[in-house]
Structure formats: structure tokens, C-alpha cells
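next input, structure requested:
(2 chains)
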Amino acid sequence: MATSAAMRPSMGALGRISWCYSTPSLTQTASLSTTAALLKRHKYPEARDNKDHNKKRGESAIRRTGTRWRLSMSDEPLPRPVPRSRLPAIETDPDHGLWDFFANRTSVAHAPEEEAKHGRSWSVEELRGKSWDDLHRLWWVCVKERNRISTSNWERKKSELGFGEAEAFVRDREVRATMRAIKHTLTERFYTWEDAVKTAENDPEINLSGDGPPFTPSDYLEDAEVAAEGDQQIAEAAEETAEKAEPATIPSSKPQAEAPRL
Amino acid sequence: MATSVVAATEAAAKRLPHRFGNKQIFLPNHIVTFIRPKPRQPPNLATFVVPLQFNKLDLRDYLYHAYDVEVTSVRSFINQAAPAQKHRHFGKSYRPRSQKMMIAELVKPFVWPTVPDEKDREAFDHEMFARLTAEREDQMDKQVDPSVIPLRTQTPVTTARKDLKAQAAEFLKRGEWTNGKAEDGKWTEVDKDFDV
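A predicted model of the protein is given here:
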């Protein structure tokens, strides 16, 4: 068996040779050369098929054969992209919020002379009379100012604009002093409130339970109506004084952001 | 009436671009730096340097509430600092604090102004600044490697050297110069006494 298997290729070759040299009338059976059946490698049952599964057989870029199938493409000319230089310039909204990061709309950073034009920081004495809203607004003015200074510093350094770092530092220090004063004021206010609560707990005239009038003067007796009226008057007076004391010096953050008084 | 109120509330909620965080921070201490975009960066991208503890949602809320800037998405990355030494060129090595950057995609594009020309930076005294910077860099280079000595031909001729040269030439021309010492007879002028 082994000998016959080893002999098979040479026998096939012999067959072909015999076909070449013998007369066609006697041996040729097909018009084309067919592979000798004997040369096929897998003859046994359940052998894998011997087909060529290459779908791109015969395609060659060198010989410009093209694809074997028609492609789903059109030969219409493709549009060419417009070069960036010919596109219309993108305009920035003059009210864009990001302008608030800039000290100057042309050079981003202030020139040193401009940078040095600022006032002093707010002192704690000045801030003691301000309401929480005022302090909060002032804090945000400071935060935005610091962002602006930081942006200027970055730009001055990266674009090599020139001098101005020292002036910016001084300005930043003033802003930080204001922020510190705000925190100082609020801390003071909190301690005062804590002390007031502690005092009120031991004061027989003050009712902290939340039921009934919070303040009952013990020196003299009043009718309920009179007391209510009195309370109202006191409240009104307090509102008036608060309005008087309320400074209109800190407007909303928008105009402040334009020309902040530090 | 009630339905109109509900509808108004819903409309207001729709007008808000996003859901915002619930945690209120009253006195934030962060510094956000807006930095110039890279040369070919499109104008709807804005780059910021933010504190390391910021996340994308923080920046979105911050820009909306503090600057009234709407943002569709935020990308973030951290630039790790290169190891440094305590005293620049010597001392203990350490890793400086990293830097966090975020790129926000803006609803409204923002184009940065171009960098002013060197002529237009007079207000910043750019000329003097450039000279000082160059001088400082030279000094730093000398400190880093003192063995690099520039060639005589490559060093600029100072006015002092020029003046000295001119004075020496003047003296030689007049021929009056002596070193103030009498001859002791030990020196003979070779080409006076012998024919070589």
C-alpha cells in the first residue's frame, strides 16, 4: 500500500509524459489539460473540498485588472473642501461670557501701568456693616478678578508680552486681602451669633422654643394688641434702618466686573 | 392656573441646558485660567487650567453660573510635571504638583485676539524685557556649565578694549614710551651686534 502511494505522483508524471509524446489520436481525451486525477491530494471520503476560496483571485493592482464585481460607486466628481483661508471669519459675540476672563480685549493682559491702577483692599471695619448678599457678591467679584489676573499672567508669559508680573502680583495681593477680610467678617458674625444664643438661653425675657412671642419684656405689662403694634413698629423701624445702612455701593456683579473696586 | 404654573416651571426647566449639581459652595477659592488655544484649534473649544480637584461637571456648572457660558461637553486631562530638584540644579528631587486642564466645547464660539506685534507691545516695555530675558538666559547658561568659554573671535569687542587698543597704538606711534627702568647691561640686542 505504502509503495503504491509513493509511486502515485511519478505515475501521474509518466502519464503526462506519455500524453506529450504519444500521438493525439490515440491518447488525448480532453481538449484542455486536466489535472491528473491521481495528483489530487485528498481522495478519501469526507476530505475537505479542494476548491479555491480566494474571492480576489486574479485581481491585480499592477495589471490594472479592476475588481471582479461592479462596485456601488458613482463616477460623479466629488466636491472639494473650501480652504480655511476662504471661509468667512468667525465673529465672537461682544457679550460672550468668556470676555470676563480678559483684562483687555486686544492684548488679554493689562499693560503694567493699567495693572497698577487699583485701589486698596476692603477692610474688616468697612465690611462689618454689609449684609451677607453684599459680601457674597463681593466675594464673587474677587474670584473673577483673580481668574482674570491668572489668565493675564499666563498670557503674558506664554506670548512674551513684556513686563507686568510684579504689578499683577500686587493687585492679586489686594484681592486676597479683601477675601480674607470677608471671611474675617463672617467669622466674627458667627461668633457673635453663638454668644447671643448662649445669652438668650439664660434670659427669662426671651423664648427660644419657637411657640409664642420670642421676646417678652418683663418690666411692664402690655395688652396683647398694643404689644403687637409695638412689635410691628419696631420691625418697621428696623427695616428702615437696615435700608439706610444697606449700602448701594456694591452693585450687581456685571458692572462690578467691568471696573472692580477692590 | 395651577397647570399654567406647572407648564411655566417645565418650560423654565427645559430652558436650563443641564441638570446642575446640588451641592452649594458659597465661598469658592478656586482659580480658573482661560488659556490661548493651540494654532489650529477650532473656536468652539476653550481650554482652561483648573484646580486638580475639579471635575468636568464642576467646570460646566462654574462656567454657566459665574460666566453665563453654555457648554455641550468637557474633556479633561492632567499634565504630569517633570521631576525637579529643590534648588533648580541641585538638591533633593521631587515631583512638582501636576496641572489639570479641561477643554470645553462651547455653544457660542469664541475667537481669541491675535498676539500683538512686538511693536505694539510698547506699553509692556517689550524691548527692555527681551534684552533682560536674553541676558538672564546667558547668565544661567554660564552658571550651568562654566567650562564653555566662548572663543575670542565670537565675543563682542567691548568699548574698553577698543579704547585701550587705540591708546596703545598712539604710544607706539610717538615712541616716547619707556618702562621707567635703566638698562643694567645684561641685555644685548642680538641683531645689532651680530650678522646672522
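
the helices in chain B, which residues?
Listed from the start of the chain, chain B has helices (DSSP state H) covering B:2-15, B:56-67, B:126-144, B:159-174, B:190-193.

mind putting those helices in a markdown table, distance to A:Gly66 and mean neighbour count included?
(Glycine included, C-beta is placed from N, CA and C.) Conversion of those to a markdown table gives the following (distance: least, Cβ to Cβ, whole Å; neighbours: other Cβ atoms under 10 Å in any protein chain shown):
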| stretch | distance to A:Gly66 | mean neighbour count |
| --- | --- | --- |
| helix B:2-15 | 56 | 9 |
| helix B:56-67 | 50 | 18 |
| helix B:126-144 | 63 | 12 |
| helix B:159-174 | 79 | 10 |
| helix B:190-193 | 96 | 7 |
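
could these be laid out in a markdown table, adding distance to chain A?
Shown next, in a markdown table, are the helices of chain B (distance: least, Cβ to the nearest Cβ, whole Å):
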| stretch | distance to chain A |
| --- | --- |
| helix B:2-15 | 17 |
| helix B:56-67 | 4 |
| helix B:126-144 | 4 |
| helix B:159-174 | 28 |
| helix B:190-193 | 63 |
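
and the residue of the stretch 1-150 of chain A nearest chain B?
A:Ala111 (3.4 Å; Cβ to the nearest Cβ).

how near is whichever residue of the stretch 151-262 of chain A sits closest to chain B to A:Glu126?
Proximity to chain B, evaluated over the stretch 151-262 of chain A using Cβ to the nearest Cβ, is greatest for A:Gly162 at 2.7 Å. The spacing between A:Gly162 and A:Glu126, counted by Cβ to Cβ, to the nearest Å, is 35 Å.

again, but for B:Asp58
For B:Asp58 relative to A:Glu126 (Cβ to Cβ), the value is 32 Å.

all helices for chain A, in order.
Listed in chain order, the helices found in chain A under DSSP H are A:2-21, A:24-27, A:112-115, A:124-127, A:132-158, A:165-201, A:224-245, A:253-258.

before we move on, back to that, who's more crowded, A:Gly162 and A:Glu126?
Between A:Gly162 and A:Glu126, counted using other Cβ atoms under 10 Å in any protein chain shown, the more crowded position is A:Gly162 (24 against 14).

so the more buried one sits right up against B:Leu132, yeah?
No - contact status for A:Gly162 versus B:Leu132: not in contact, 9.9 Å apart, counting by Cβ atoms under 8 Å.

any idea how far apart the tips of stretch B:137-154 sit?
With Cα to Cα, to the nearest Å as the measure, the ends of stretch B:137-154 fall 18 Å from one another.

mind checking pLDDT for the residue of the stretch 1-150 of chain A closest to chain B?
Predicted confidence (pLDDT) at A:Ala111: the value is 95.

would you agree it is in contact with B:Ala123?
Yes - applying Cβ under 8 Å, one finds A:Ala111 in contact with B:Ala123, separated by 3.4 Å.

quick check: bridge partners of B:Met101?
With DSSP bridges as the criterion, B:Met101 is bridged to B:Val49, B:Phe77.

hmm, B:Pro51 and it touching each other?
No - judged on Cβ under 8 Å, B:Met101 makes no contact with B:Pro51 at a distance of 11.2 Å.

contacts for stretch B:107-127 next, please.
Applying Cβ atoms under 8 Å, 6 or more residues apart in numbering or on different chains, the external contacts of stretch B:107-127 come out as A:89-93, A:96, A:98, A:105-109, A:111-114, A:156, A:159-164, B:17, B:36-37, B:42-44, B:46, B:69-72, B:130.

next, the buried residues of it.
Of all the residues in stretch B:107-127, those buried under the rule 16 or more other Cβ atoms under 10 Å in any protein chain shown are B:110, B:112, B:115-116, B:121, B:123-126.

of those, closest to A:Ala47?
Comparing these against A:Ala47 with Cβ to Cβ places B:Phe110 closest, at 70.9 Å.

what number of residues lie near B:Gln41?
The burial count assigned to B:Gln41 is 13, neighbours taken as other Cβ under 10 Å.

ok, now A:Ala181?
The local packing count at A:Ala181 equals 20, with neighbours defined by other Cβ under 10 Å.

do A:Asn147 as well
A:Asn147: 21 surrounding residues under other Cβ under 10 Å.

now do the contacts for it.
Taking Cβ under 8 Å, 6+ apart as the contact definition, A:Asn147 lies against A:100-101, B:31-34.

just the buried ones from those residues?
Among the contacts of A:Asn147, the ones that count as buried by 16+ other Cβ under 10 Å are A:100-101, B:32-34.

low-confidence ranges in chain B?
Across chain B, the ranges flagged by pLDDT under 70 are B:1-3, B:13-17, B:188-196.

domains for it, by residue range?
Here the domain assignment for chain B is B:15-106, B:155-196, based on automatic domain parsing.

most tightly packed of those?
Between the domains of chain B, the one whose residues have the most neighbours on average, counting mean count of other Cβ atoms under 10 Å in any protein chain shown, is domain B:15-106 (a mean of 14).

centroid residue for chain B?
Here the mean C-alpha position of chain B is nearest to the C-alpha of B:Thr133 (Cα atoms, centre = their mean), at a distance of 9.8 Å.

excluding its backbone neighbours, what's nearest that one?
Leaving out its chain neighbours, the residue that sits closest to B:Thr133 by Cβ to Cβ, 6 or more residues apart in numbering or on different chains is A:Glu160, at 7.9 Å.

let me see the mean pLDDT of stretch A:48-64.
Model confidence over stretch A:48-64, given as mean pLDDT, is 85.

what's the span of that stretch from first residue to last?
For stretch A:48-64, the first-to-last residue distance is 33 Å (Cα to Cα).

surely B:Leu89 meets B:Asp145?
Residue B:89: His, not Leu. No - using Cβ under 8 Å, B:His89 and B:Asp145 do not qualify as a contacting pair, with a distance of 10.3 Å.

does stretch A:101-108 reach chain B?
Yes - among the residues of stretch A:101-108, A:101-102, A:105-108 lie within reach of chain B under Cβ under 8 Å from any Cβ of the partner chain.

can you select the buried ones from the residues you listed in ChimeraX?
Only the buried entries of the residues of stretch A:101-108 next to chain B go into this ChimeraX selection, using 16+ other Cβ under 10 Å:
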select /A:101,102,107,108
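
in a markdown table: the residues of stretch A:101-108 next to chain B, plus pLDDT and distance to A:Phe190.
A markdown table is the format used below for the residues of stretch A:101-108 next to chain B (pLDDT from 0 to 100; distance: Cβ to Cβ, whole Å):
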| residue | pLDDT | distance to A:Phe190 |
| --- | --- | --- |
| A:Phe101 | 97 | 33 |
| A:Phe102 | 97 | 36 |
| A:Arg105 | 94 | 41 |
| A:Thr106 | 93 | 45 |
| A:Ser107 | 92 | 43 |
| A:Val108 | 95 | 40 |
